[in-house]
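**Q** Can you look at this prediction? I've put the sequence above it.
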Amino acid sequence: MDSLVRLLELAYSAGSVSVVDSMRLAFEREVQEEQGWFSFLYGWCVHVADRVAYLNGIIQELEFCSNDMSVAQLVVELRSGDGLVFADSVMYFKAIRDFEAEMLANMQLFLQASAAHLGRRMQFLARFNVM
C-alpha cells in the first residue's frame, strides 16, 4: 500500500500520469537526496581534516616543549617529573590523532563511493530527461 501511495504522490507531483514523468521525478528526488548526503559527508571530512591538523599542531608544540624544557619553563612552572607529563601528553594526543586520521581515511573512501553512486544516479536521471 505504501508503494502505491508513493507512486500516486509522484504522479501527482509530476503533473502527469505518464510513467516516464513519474520515474524522472523519482530519480530527480533521489539525486537531490544523494547530493545533500554527499555535501554533508564532504563537510564532515573537512571538519575531521581540520581536527587532524589541529592535533598535529598540539603534538608539535608538546614535543618542542619536551625537547627544550627551558622554553616550557617560560610559559609554565615546571616541577620534577613534568618531563614525563609531556611525554604522556604527546602519546595521548598522538593516539587521538591516529584515530582521527584513520577515521578521515575511511570517510574519504566512503566519499569516493558516494560520488560514484551519485554519478550513476545522475546518469540514470539523464536517460529519463532525454525521453
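**A** The structure has been received and is ready for your questions.

**Q** How about the contacts made by R127?
**A** With contacts defined as CB atoms under 8 Å, 6 or more residues apart in numbering, R127 is in contact with no residue. Glycine gets a C-beta too; all of them are placed from N, C-alpha and C.

**Q** which is the next helix or strand following the lowest-mean-pLDDT helix or strand in the chain?
**A** Lowest on mean pLDDT, DSSP states H and E among the helices and strands of the chain sits helix 69-75, with a mean of 61. Next along the chain after helix 69-75, taking DSSP states H and E as the criterion, comes helix 82-130.

**Q** How far off centre is that next one?
**A** In this view, helix 82-130 has its centroid 6 Å away from the chain centroid, taken as CA atoms, centre = their mean, to the nearest Å.

**Q** what about the protein, any weak spots by pLDDT?
**A** 1-8, 10-12, 14-17, 19, 69-84, 86, 131 (pLDDT under 70).

**Q** hmm, 80 instead?
**A** Residue ranges of the chain with pLDDT under 80: 1-27, 65-88, 125, 127-131.

**Q** which other helices and strands contact the helix or strand where F38 lies?
**A** Assigned by DSSP H and E, F38 falls within helix 19-67. For helix 19-67, the packing partners by 3 or more CB pairs under 8 Å, 6 or more residues apart in numbering; DSSP states H and E come out as helix 2-14, helix 69-75, helix 82-130.

**Q** Could you give the number of residues near A101?
**A** 16 (other CB atoms under 10 Å).

**Q** Same question for stretch 21-31: list its buried residues.
**A** D21, S22, M23, R24, L25, A26, F27, E28, V31 (16 or more other CB atoms under 10 Å).

**Q** Redo those as a markdown table? Include distance to C45.
**A** Shown next, in a markdown table, are the buried residues of stretch 21-31 (distance: CB to CB, whole Å):
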| residue | distance to C45 |
| --- | --- |
| D21 | 36 |
| S22 | 35 |
| M23 | 32 |
| R24 | 31 |
| L25 | 31 |
| A26 | 29 |
| F27 | 26 |
| E28 | 26 |
| V31 | 21 |
